[in-house]
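A.B. asks: The sequence isn't on hand, but the structure is:
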Ligand code: ZN
């Protein structure tokens, strides 16, 4: 949208800008950061036509606009909210606002309409519409300056030092408004001395020092870069102001939101695959010995397979170990595969399931610490920082989800808003009032919220930038819809299962085409679900996991039933952590329908209790236009049962399913013998919900 090439500017004989190159794309927020006198305001004034550049070119949407006068720049779509507000103190709020649209020569009705829009965005200005601008507080004057610029409905808004001289609380308010503006599609060039603030509110940033750009890049990267951050803090403490390029930029007045904002790093320290493998082998040897010595169940299984812990000499020995399944967990209810004494168990969690068949997992303190650590790593990989507010809308209690999201969030230093699932009104209220920047839920819940946000028309009033969702498969179309209705939020699919600590054992990275999994905590094998033989990298199969340091309930070659594949090679995001595809399906027949787990066997049971019904049936799953799951059940009548009884039978089946499984299904009754039979197990479940490619 805006392109600045080799721009120079002088104040008399003194040169202020030295060959500035800068670009802003449509819809982007770009921060220009630097100390007083770095040249930031000069650059903005050149853009607005308030100062004539001495060289170089400014182009807007492909047209050369160098040396264009300010009124024309406003008509071309630029507006400036200047440093120091520059409101007219003897004019009223309304009169000040109207000044912003003067170059456009608008009809009175249009000016009034725009003013009302400004008032709805800045309710404080509405309260003071008749008041003289000189009597407003600093924050209100800043709102007025921004409102005046917005009267021109700019396509590119230039904000010069919006937080200068404001109290932290007022600064929060101003930045919330900037964020809303960005979400509603306004392109923004933000000039700020408060580097941490500016970086966290922008997509890209340029660091300006003595009239030159000395650093540029993605803001999240600059904000998270440990070297730059230590330079921030170094500069802020005055200990070593010239220690770095940021220090050289003179950023000595950075106000940090939290005193302990040093970047914590939760990524592993190994640098090569060989180092990772050495760590994995040590972990595997420890795990096999620990399980063998700690659990009689494991000892029996290993003995039966002829394994003694001394035989594990390389990672290739993994395939010799016996598989562990959900049956092993259920058989050992209530404390299956426990490998430490009870006095070391500090917590239990359970997975959902029919009563009496829940999988219960024990945790030692170290297990919980490890889980918290790598959950924080998930947040780090998704770019969550201590400036974020994380609204957690997953289940709390005996389930692993809530605890995991909560502890990881606190560990990384972000603000947790623990709401739990459902409760749509409260969720929306908190999104609006707390301005949560991250939303965590299941995919269905995210979709539900997205639709509600859309319905209530509040997309530009919320601040969610990232959605972390898990526990369900989701198509690209569904992801796109959630992102769109949430005002363009970035989605991150998080993986995990209760047996393997809980959620947070891997997450999608910023490249959005894989899940990085924590290879320093567990091993992944991909097996053919039929033959149980290992498959080569890149082929789809069942994920089988072996933990490397889990104490209370170690897992040895545990069959997760999740279908995925290993993606070989390194990711473009730069992480060395290994990766797999997003989970495509489950190898057993469990159907996940509107967040409810349904086993086909339970449908079997219900149908067999209805007289007049045959044994063959098919379950068809699809998604309707609103991306909601639909379940259609095709059932055969029993031999000799007449078609005219279909309505009565359908009614009874629907009633029973609703009563026992708590879901509504669509029913179709067909003649006996019309569904296909097979020698092997008939294919009964047809899941057409994921038509598009899953990467
Ligand atoms: Zn990656």
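C.D. replies: Arrived safely, thanks for sending. Just so we're clear, the structure is a prediction, and the values are computed from it rather than from any experiment.

A.B. asks: tell me the strands in the stretch 501-650 of the chain, going along the chain?
C.D. replies: Assigned by DSSP state E, counting those that start in this stretch, the stretch 501-650 of the chain shows strands spanning 502-508, 515-517, 522-527, 541-547, 558-564, 566-567, 579-580, 585-586, 591-593, 596-598, 613-623, 629-637.

A.B. asks: so which helix or strand takes in residue 152?
C.D. replies: For residue 152, there is no enclosing helix or strand under DSSP states H and E.

A.B. asks: returning to what we had before: could the strands of the stretch 501-650 of the chain go into a markdown table alongside distance to residue 303 and mean pLDDT?
C.D. replies: Glycine gets a C-beta too; all of them are placed from N, C-alpha and C. Shown next, in a markdown table, are the strands of the stretch 501-650 of the chain (distance: least, CB to CB, whole Å; pLDDT from 0 to 100):
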| stretch | distance to residue 303 | mean pLDDT |
| --- | --- | --- |
| strand 502-508 | 29 | 96 |
| strand 515-517 | 31 | 96 |
| strand 522-527 | 22 | 97 |
| strand 541-547 | 18 | 95 |
| strand 558-564 | 19 | 90 |
| strand 566-567 | 31 | 96 |
| strand 579-580 | 32 | 96 |
| strand 585-586 | 31 | 69 |
| strand 591-593 | 37 | 78 |
| strand 596-598 | 34 | 73 |
| strand 613-623 | 41 | 83 |
| strand 629-637 | 45 | 90 |
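
A.B. asks: Point out the most buried one among these.
C.D. replies: strand 502-508 (a mean of 27; mean count of other CB atoms under 10 Å).

A.B. asks: and the next element down the chain from the helix or strand bottoming out on mean pLDDT in the chain?
C.D. replies: The helix or strand of the chain with the poorest confidence is helix 245-248; it has a mean of 40 (mean pLDDT, DSSP states H and E). Where DSSP H and E defines the elements, the next helix or strand beyond helix 245-248 is helix 273-294.

A.B. asks: Show me the strands in the stretch 351-500 of the chain, by range?
C.D. replies: 360-363, 389-392, 415-418, 438-442, 466-470, 490-497.

A.B. asks: and stretch 291-310, average pLDDT?
C.D. replies: Averaging pLDDT along stretch 291-310 gives 95.

A.B. asks: Any chance you could list what contacts that stretch?
C.D. replies: 285, 288-289, 320-322, 324, 328, 332, 336-340, 554, 556 (CB atoms under 8 Å, 6 or more residues apart in numbering).

A.B. asks: between the residues you listed, which has the most around it?
C.D. replies: Among the contacts of stretch 291-310, the one with the most neighbours (other CB atoms under 10 Å) is residue 554, at 29 neighbours.

A.B. asks: Distance check, that residue against residue 351.
C.D. replies: 17 Å (CB to CB, to the nearest Å).

A.B. asks: what's the answer for residue 383, then?
C.D. replies: With CB to CB as the criterion, residue 383 and residue 351 are 29 Å apart.

A.B. asks: what sits against residue 449?
C.D. replies: Taking CB under 8 Å, 6+ apart, we find residue 449 in contact with 393, 424, 427-428, 439, 441, 486.

A.B. asks: Among these, the buried ones, what's the ChimeraX command?
C.D. replies: Of these, the buried ones can be selected in ChimeraX as follows, counting by 16 or more other CB atoms under 10 Å:
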select :393,427,428,439,441,486
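
A.B. asks: For whichever residue of the stretch 1-150 of the chain sits closest to the ion, give me phi and psi.
C.D. replies: As assessed by CB to the ion, the ion sits closest to residue 28 within the stretch 1-150 of the chain, at 22.7 Å. Backbone torsions for residue 28, taken as degrees, to the nearest 10, come to phi -90, psi 150.

A.B. asks: ok, the closest residue to it other than its chain neighbours - contacts?
C.D. replies: Excluding its sequence neighbours, the residue lying closest to residue 28 (CB to CB, 6 or more residues apart in numbering) is residue 203, at 4.9 Å. By CB under 8 Å, 6+ apart, the residues touching residue 203 are 28-30, 218-219.

A.B. asks: ok, now residue 484?
C.D. replies: Residue 484 touches residue 450, counting by CB under 8 Å, 6+ apart.

A.B. asks: any idea how far it lies from residue 542?
C.D. replies: In terms of CB to CB, residue 484 sits 33 Å off from residue 542.

A.B. asks: ditto for residue 628
C.D. replies: 29 Å.

A.B. asks: Touching, residue 164 and residue 81? I think so.
C.D. replies: No: the pair residue 164 and residue 81 fails to qualify as a contact (CB atoms under 8 Å) at a distance of 11.4 Å.

A.B. asks: Tell me both backbone torsions, phi and psi, for the closest residue to residue 612 other than its chain neighbours.
C.D. replies: Nearest residue to residue 612 in three dimensions, chain neighbours excluded: residue 641, at 4.8 Å (CB to CB, 6+ apart). The phi and psi torsions at residue 641 (degrees, to the nearest 10) take the values phi -80, psi 130.

A.B. asks: Please name the nearest non-neighbouring residue to residue 95.
C.D. replies: Distances taken as CB to CB, 6+ apart place residue 88 nearest to residue 95, at 7.3 Å, with adjacent residues excluded.

A.B. asks: Quick check: the one you found is in a helix.
C.D. replies: No: the assignment for residue 88, made by DSSP: H, G, I helix; E, B strand; the rest coil, is coil rather than a helix.

A.B. asks: To what extent is it buried, counted in neighbours?
C.D. replies: Using other CB under 10 Å, the number of residues around residue 88 comes to 14.

A.B. asks: Quick one: residues contacting it.
C.D. replies: 95-96, 99, 133.

A.B. asks: Over to residue 665?
C.D. replies: 631-633, 654, 657.

A.B. asks: in the stretch 51-200 of the chain, what spans have low per-residue confidence?
C.D. replies: Scanning the stretch 51-200 of the chain for pLDDT under 70 picks out nothing.

A.B. asks: does residue 19 really touch residue 39, like I thought?
C.D. replies: No: with contacts counted by CB under 8 Å, residue 19 stays clear of residue 39, the gap being 11.2 Å.

A.B. asks: Between those two, which contacts overlap?
C.D. replies: residue 212.

A.B. asks: out of these two, which sits in the more crowded spot?
C.D. replies: Higher neighbour count among residue 19 and residue 39: residue 39, with 24 against 14, using other CB under 10 Å.
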